[in-house]
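Undergrad: After the sequence you'll find the predicted model.
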Amino acid sequence: MVFIGLVFVGFVAPSITPAYECVNLFEPTPAPSFVAPSPAPVGSGATAAPQVTAPPAGFVEPDMGRTHVALGTKVKYTWCPPASGNHYAVSGQGPIRGGFYDQNTPTVPEGWVHNLEHGALVLAYKCPGPGCTDEGQSAMQSLLGRWPDSPICKIPPGNFTPVFTRFDDMAYPYAAIVWDMVLPLQTLDENAILAFYKAYGEQFNPEKQCAAPSPAPVPATPTPAASGPSAAPSSGPTAAPTSAPGASATPARS
């Protein structure tokens, strides 16, 4: 990482050309209440991140917009790791293929931010750090092998979600990321990562891959009769809740 004034400039090895820029490292502090992400973009001059959290753990990161930019464009992200922002929209370059990218297989956020826009989870790991050891790399591959279908659209892993990739410009060894939400981690905490994905995955991303599931019907409260014996219960079956719609494993085009 090279410091130019107050701007962190990110590099992707082995190239010497900056692939993106970071203005601030996202270092949230817990607070007692949760506020859902705002869809309004934040200007590049923003200096303060909202300090909000809720169980399951996860922090709102200010939205940075979602403009499609030409392949090769260097994007300046106000917060890193980015949970939103400008990104590529070129087949194979953004969204990128889901899966595990080892420490020697670079990706750029301009690619995987588009995965976030479609509802994917990105697990970023920092080098040097525990994720870059042989044990850390093996642990992430093992976690990928147990990865569940997405929480709302039930998209199976492998096409565009999840993405496990190296990203050095952050304050923690690991970060689980969905659109507008970040979970910083000191260790590869599988339970925390999966709880974060279940709670916030496919909740705030602007390009949905399926219709929102219908809510379960609320049972009517019976009204007691004014007098006389209670009415016999209905023998008819209770209506089953509407199930979540199916979803294609291929993200919608944007």
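TA: Right, received. Where do you want to start?

Undergrad: Please count neighbours and contacts with C-alpha atoms only from this point.
TA: Noted.

Undergrad: Backbone dihedrals for residue 101, please?
TA: Main-chain torsions, residue 101, degrees, to the nearest 10: phi -110, psi 120.

Undergrad: who are the neighbours in contact with it?
TA: Residues counted as contacts of residue 101 (C-alpha atoms under 8 Å, 6 or more residues apart in numbering) are 107, 163, 164, 165, 166.

Undergrad: Which single one of the residues you listed is nearest to residue 84?
TA: Nearest to residue 84 among those is residue 163, at 14.9 Å by C-alpha to C-alpha.

Undergrad: Neighbours of the closest one, how many?
TA: 26 (other C-alpha atoms under 10 Å).

Undergrad: my read: it touches residue 94, true?
TA: No - in this structure residue 163 lies outside contact range of residue 94 using C-alpha atoms under 8 Å: 11.9 Å.

Undergrad: shared neighbours, these two?
TA: residue 112.

Undergrad: Setting aside sequence neighbours, what's the nearest residue to residue 107?
TA: Distances taken as C-alpha to C-alpha, 6 or more residues apart in numbering place residue 165 nearest to residue 107, at 7.0 Å, with adjacent residues excluded.

Undergrad: Where do the helices of the protein begin and end?
TA: 109-117, 134-145, 190-200 (DSSP state H).

Undergrad: how about the ones you listed in CSV, adding distance to residue 208, mean neighbour count and mean pLDDT?
TA: As requested, these are arranged in CSV below (distance: least, C-alpha to C-alpha, whole Å; neighbours: other C-alpha atoms under 10 Å; pLDDT from 0 to 100):
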stretch, distance to residue 208, mean neighbour count, mean pLDDT
helix 109-117, 8, 29, 98
helix 134-145, 23, 15, 98
helix 190-200, 13, 18, 95
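
Undergrad: how far away is the closest residue to residue 173 other than its chain neighbours from residue 26?
TA: Spatial nearest neighbour of residue 173, chain neighbours left out: residue 126 (5.0 Å); criterion: C-alpha to C-alpha, 6+ apart. Using C-alpha to C-alpha, to the nearest Å, one gets 14 Å for the distance from residue 126 to residue 26.

Undergrad: that older thread, nearest to residue 77, of the helices of the chain?
TA: helix 109-117 (9.4 Å).

Undergrad: same for the closest one, what does it pack against?
TA: strand 87-88, strand 122-125 (3 or more C-alpha pairs under 8 Å, 6 or more residues apart in numbering; DSSP states H and E).

Undergrad: Out of those strands, which is closest to residue 73?
TA: Among the helices and strands packed on helix 109-117, the nearest to residue 73 by C-alpha to C-alpha is strand 87-88 (8.2 Å).

Undergrad: Give the pairing partners of the closest one; include direction for each.
TA: For strand 87-88, the paired strands and their directions (DSSP bridges) are strand 68-69 (parallel).

Undergrad: hmm, who's touching the strand it pairs with?
TA: Residues outside strand 68-69 that contact it (C-alpha under 8 Å, 6+ apart): 86, 87, 88, 89.

Undergrad: which of the residues you listed tops the neighbour count?
TA: Among the contacts of strand 68-69, residue 87 has the most neighbours (other C-alpha under 10 Å), with 29 neighbours.

Undergrad: mind listing what that one touches?
TA: Applying C-alpha under 8 Å, 6+ apart, we find residue 87 in contact with 66, 67, 68, 69, 75, 94, 109, 110, 111, 112, 113, 114.

Undergrad: Would you reformat these as JSON lines and include distance to residue 183?
TA: Below are the contacts of residue 87 laid out as JSON lines (distance: C-alpha to C-alpha, whole Å):
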{"residue": "66", "distance to residue 183": "20"}
{"residue": "67", "distance to residue 183": "24"}
{"residue": "68", "distance to residue 183": "25"}
{"residue": "69", "distance to residue 183": "27"}
{"residue": "75", "distance to residue 183": "22"}
{"residue": "94", "distance to residue 183": "22"}
{"residue": "109", "distance to residue 183": "17"}
{"residue": "110", "distance to residue 183": "20"}
{"residue": "111", "distance to residue 183": "20"}
{"residue": "112", "distance to residue 183": "17"}
{"residue": "113", "distance to residue 183": "16"}
{"residue": "114", "distance to residue 183": "18"}
